[in-house]
Structure formats: C-alpha cells, structure tokens
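# coords please:
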Amino acid sequence: MKATMLFLMLTVCHSFGMVHAQEVRLDIDLEKANFAEFMEQVKKQTEFTFFFHDAMVMSLKDITLHMRQADIEAVLKACLKGSNVAYRIKDRTIILYGLNDQSKKGIDVKGLVWMNREIRCLGLRSR
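Okay, the predicted model is just below:
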C-alpha cells in the first residue's frame with residue numbers, strides 16, 4: 001500500500017512539472033543575440049533555470065527570434081535549431097546537452113572475470 005501511494009505521488013508530481021512547461025508562454029524578441037541574452041529573456045518571464053556546460057553554448061550566436069505567446073518547447077526548438085545542442089525539461093530546469101556527447105558512446109571493457117579463483121569469462125565486452 002505504501003509503495004502504491006509513493007508511486008502515485010511521484011506520478012502526480014512529475015505530471016505537474018510537465019503541465020507547467022506547457023502552460024508557460026513567452027514573448028521573445030531577439031536580433032543577432034548570444035545565448036546569454038536568450039537565457040536572460042527566458043529567466044525574466046519564467047521560473048525556469050538552465051543547466052549546461054559553458055563550452056557547449058559558446059557556438060550559439062546570432063540568435064534571431066521573434067515569437068509571441070509561444071510555449072517554452074517551441075522557443076527552445078527555434079533557438080537550438082541547426083545546432084548540436086538538444087534539451088530536456090525536468091521540473092523547472094532546462095537541461096542542455098550535446099548531440100555528439102562522447103559520454104553516451106559505449107566503451108569497451110576487456111579483461112578476465114574471476115569468481116572463486118576460476119576464470120568465468122574471457123574477453124568481456126560491454127556497451
């Protein structure tokens with residue numbers, strides 16, 4: 001019973017975060033702006049914060065957007081169009097990540113697996 005209530009509460013809280021992102025409307029008026037200027041306009045009009053690596057957004061320059069009463073998803077898609085940057089919205093945080101993110105690629109792990117002094121697996125590979 002407790003597990004069911006916990007699951008229900010988490011689902012409801014997650015749903016409220018998604019609804020908030022859909023309800024927010026922005027007026028963006030930028031001409032050849034950089035990402036910092038874009039971010040300031042979003043922050044002034046919403047409760048969203050941004051999470052990103054500085055080097056990733058350095059290439060986001062010359063942002064020209066003229067949007068009225070647009071939802072946050074449409075604004076972000078327009079801002080990031082043609083770049084190698086994607087986003088995800090979690091509660092009231094906009095998380096930016098690179099599409100060519102090397103950390104998401106698999107790595108090869110090679111070696112021996114020992115269990116009770118016996119070799120169980122040779123050439124283990126993981127992706």
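# helix, strand or coil for residue 74?
Following DSSP: H, G, I helix; E, B strand; the rest coil, we place residue 74 in the helix state.
# in space, what's closest to it - neighbours in sequence excluded?
Leaving aside its chain neighbours, residue 74 sits nearest to residue 67 (7.0 Å; criterion: C-beta to C-beta, 6 or more residues apart in numbering). For glycine as for every other residue, the C-beta is placed from the backbone atoms N, C-alpha and C.
# do residue 43 as well
That would be residue 49: by C-beta to C-beta, 6+ apart, it lies 7.3 Å from residue 43.
# in stretch 48-66, what counts as buried?
By neighbour count on 16 or more other C-beta atoms under 10 Å, the buried set for stretch 48-66 is 48, 52, 56, 57, 60, 63, 65.
# so which residues make contact with that stretch?
Outside stretch 48-66, the residues that touch it by C-beta atoms under 8 Å, 6 or more residues apart in numbering are 24, 28-35, 37-39, 42-43, 72, 75, 78-80, 83-85, 89, 92-98.
# what subset of those is buried?
Those of the contacts of stretch 48-66 that meet the buried threshold are 24, 28, 30, 33, 35, 38-39, 42, 72, 75, 78-80, 83, 85, 89, 94, 96-98, by 16+ other C-beta under 10 Å.
# coming back round to it: in helices, which of the buried residues of stretch 48-66 fall?
Those of these mapping onto helices are 56, 57, per DSSP state H.
# redo the buried residues of stretch 48-66 as TSV? Include pLDDT.
Shown next, in TSV, are the buried residues of stretch 48-66 (pLDDT from 0 to 100):
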residue	pLDDT
48	94
52	90
56	85
57	87
60	90
63	94
65	94
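# and the buried residues of stretch 48-66, which two are the farthest apart?
With C-beta to C-beta as the measure, no two of the buried residues of stretch 48-66 lie farther apart than 56 and 65, at 19.0 Å.
# which element, helix or strand, includes residue 87?
For residue 87, the host element (DSSP states H and E) is strand 85-90.
# list the helices and strands that strand packs on?
Using 3 or more C-beta pairs under 8 Å, 6 or more residues apart in numbering; DSSP states H and E as the contact criterion, the neighbours of strand 85-90 among helices and strands are helix 2-23, helix 72-80, strand 93-98.
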